[in-house]
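In: build the 3D model from these lines:
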Amino acid sequence: MKKKHVSFVAIAAMLLAAACDGKRSETTTGTNSTAMSDHDGMAVDTAGVQHQGAMGTPMEKGGLKVYSYSNSVDFPDADLDLKQPEKNGKVTGDSVQFNYEVKNFQLSQQTTDAGTHEHANSKEGQHIHNIVDNEPYTAHYKPTFKKAIKPGQHVVLSFLSRSYHESIKHDDAYDLRVINVGNAASSAAKFDENGQHLFYSRPKGEYKGADTKKVMLDFYLVNTKLAQDGNKVRATINGNEFILDQWLPYLVEGLPMGENTFKLELIDNKGQVIPGPFNTVERKITLAQ
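Out: Below is the predicted model:
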């Protein structure tokens with residue numbers, strides 16, 4: 001009887017172990033299924049880009065490929081302060097003196113990962129983008145300079161840029177202000193510094209040789225974010241529309257030689273342009289052999 005009892009206990013133990021193994025297998029399978037489900041449900045923007053780490057899957061239209069990237073060296077502590085001119089200050093003459101204080105970021109130095117990026121890079125290094133009224137920026141490699149600006153009221157955006165012209169996108173890395181130049185009467189239209197704004201940065205000018213293969217699209221946002229269910233940037237390149245829902249730099253491949261047109265619009269979730277003086281902008285660039 002004792003042996004039978006022992007055998008019964010042994011058999012029961014074996015059955016219990018098998019049940020536990022089965023339960024463990026079921027749990028493991030369930031975990032894998034969840035992981036696959038999470039992978040399948042990765043964020044996909046409205047233009048069809050699936051973001052997987054550093055690079056986005058290309059959106060393709062009209063012979064173009066447009067995709068985001070997020071593998072650039074970061075400068076989380078970079079700080080830009082504009083000391084002169086003051087906000088809403090009045091500047092005499094038509095030459096404006098700009099004086100910045102830059103911390104935790106070295107102007108005129110090559111960004112350490114510049115060699116890994118296959119698009120245009122400045123041989124003069126890291127710099128400040130100075131944008132007046134959303135016109136094409138001027139690049140400055142020293143914190144103090146003079147710039148000719150016509151008389152009147154002007155909106156000035158400044159931000160730090162890597163040597164390959166990619167903006168640094170956090171609050172301490174930019175400055176936005178209104179200045180008044182010369183003796184022109186103040187504009188009746190007041191710029192809303194608290195409004196949602198889009199500023200154009202790149203591409204710009206002429207691209208030659210190897211720089212024509214991948215052209216960076218970069219823009220600057222103030223007081224707004226992009227999201228699948230929120231605001232977006234509509235980029236129309238040579239008539240081909242792409243919807244961007246992440247504030248990242250994008251690379252454009254397949255641009256033809258000659259003139260190319262880029263149009264950017266800051267839009268809401270219904271596709272309507274958000275009111276603002278600079279939220280629709282169009283530029284032309286040139287590609288040459």
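In: for the host helix or strand of residue 266, packing partners?
Out: Element membership for residue 266, per DSSP states H and E: strand 258-267. Counting contacts by 3 or more CB pairs under 8 Å, 6 or more residues apart in numbering; DSSP states H and E, strand 258-267 packs against strand 197-202, strand 215-222, strand 232-237, strand 280-288. Quick note: C-beta positions are derived from backbone N, CA and C, even for glycine.
In: mind doing that once more with 10 Å?
Out: strand 197-202, strand 215-222, strand 232-237, strand 240-244, strand 280-288 (3 or more CB pairs under 10 Å, 6 or more residues apart in numbering; DSSP states H and E).
In: give me the angle between the second one and strand 240-244.
Out: Between the direction of strand 215-222 and that of strand 240-244, the angle (axes from the mean of the first three to the mean of the last three CA atoms, to 10 degrees) works out to 50 degrees.
In: buried ones in stretch 84-101, by neighbour count?
Out: For stretch 84-101, a neighbour-count test (16 or more other CB atoms under 10 Å) marks 85, 91, 96, 98, 100 as buried.
In: what about that stretch, average pLDDT?
Out: Mean pLDDT, computed over stretch 84-101, is 93.
In: who touches it?
Out: The contact list for stretch 84-101, computed with CB atoms under 10 Å, 6 or more residues apart in numbering, reads 79-83, 107, 128, 130, 132, 138, 140, 142-151, 153-154, 156, 158, 160, 175-183, 186, 193.
In: same list (the buried residues of stretch 84-101) but as a markdown table, adding distance to residue 217 and secondary structure.
Out: Shown next, in a markdown table, are those (distance: CB to CB, whole Å; DSSP: H, G, I helix; E, B strand; the rest coil):
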| residue | distance to residue 217 | secondary structure |
| --- | --- | --- |
| 85 | 30 | coil |
| 91 | 33 | strand |
| 96 | 29 | strand |
| 98 | 26 | strand |
| 100 | 26 | strand |
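In: give me every residue that touches the spatially most central residue of the chain.
Out: Residue closest to the average C-alpha location in the chain (CA atoms, centre = their mean): residue 248, at 2.6 Å. Residues in contact with residue 248 (CB under 10 Å, 6+ apart) are 49, 51, 56, 67-70, 72, 166, 169, 217-218, 226.
In: how close does residue 285 get to residue 159?
Out: 20 Å (CB to CB, to the nearest Å).
In: higher neighbour count, these two?
Out: residue 159 (23 against 18; other CB atoms under 10 Å).
In: quick check: the more buried one is in a helix.
Out: No: counting by DSSP: H, G, I helix; E, B strand; the rest coil, residue 159 falls outside a helix, being strand.
In: point out the most buried one among the helices and strands packed on strand 258-267.
Out: Across those, averaging neighbours per residue (mean count of other CB atoms under 10 Å) puts strand 197-202 on top, at a mean of 24.
In: per-residue confidence averaged over stretch 234-253?
Out: Rounded to a whole number, the mean pLDDT of stretch 234-253 is 97.
In: so the residue nearest to residue 134 when sequence neighbours are not counted: helix, strand or coil?
Out: In space, and not counting its chain neighbours, residue 134 is closest to residue 278: 3.9 Å by CB to CB, 6 or more residues apart in numbering. For residue 278, the assignment made with three-state DSSP gives coil.
In: show the contacting residues for residue 278.
Out: 131, 133-135, 155, 157, 191, 195, 197-200, 220, 222, 264, 266.
In: tell me the confidence at it?
Out: 98.
In: where does pLDDT dip in the stretch 1-150 of the chain?
Out: Filtered on pLDDT under 70, the stretch 1-150 of the chain yields the residue ranges 1-54.
In: which residue ranges of it form strands?
Out: For the stretch 1-150 of the chain, the strands defined by DSSP state E, counting those that start in this stretch cover 51-52, 55-56, 59-61, 64-68, 79-84, 90-91, 95-103, 127-132, 138-140, 144-148.
In: highest mean neighbour count out of those strands?
Out: Mean neighbours per residue, mean count of other CB under 10 Å, is largest over the strands of the stretch 1-150 of the chain for strand 127-132, with a mean of 22.
In: tell me what it is packed against?
Out: Judged by 3+ CB pairs under 10 Å, 6+ apart, strand 127-132 is in contact with strand 79-84, strand 95-103, strand 138-140, strand 144-148, strand 152-161, strand 174-181, strand 197-202, strand 215-222.
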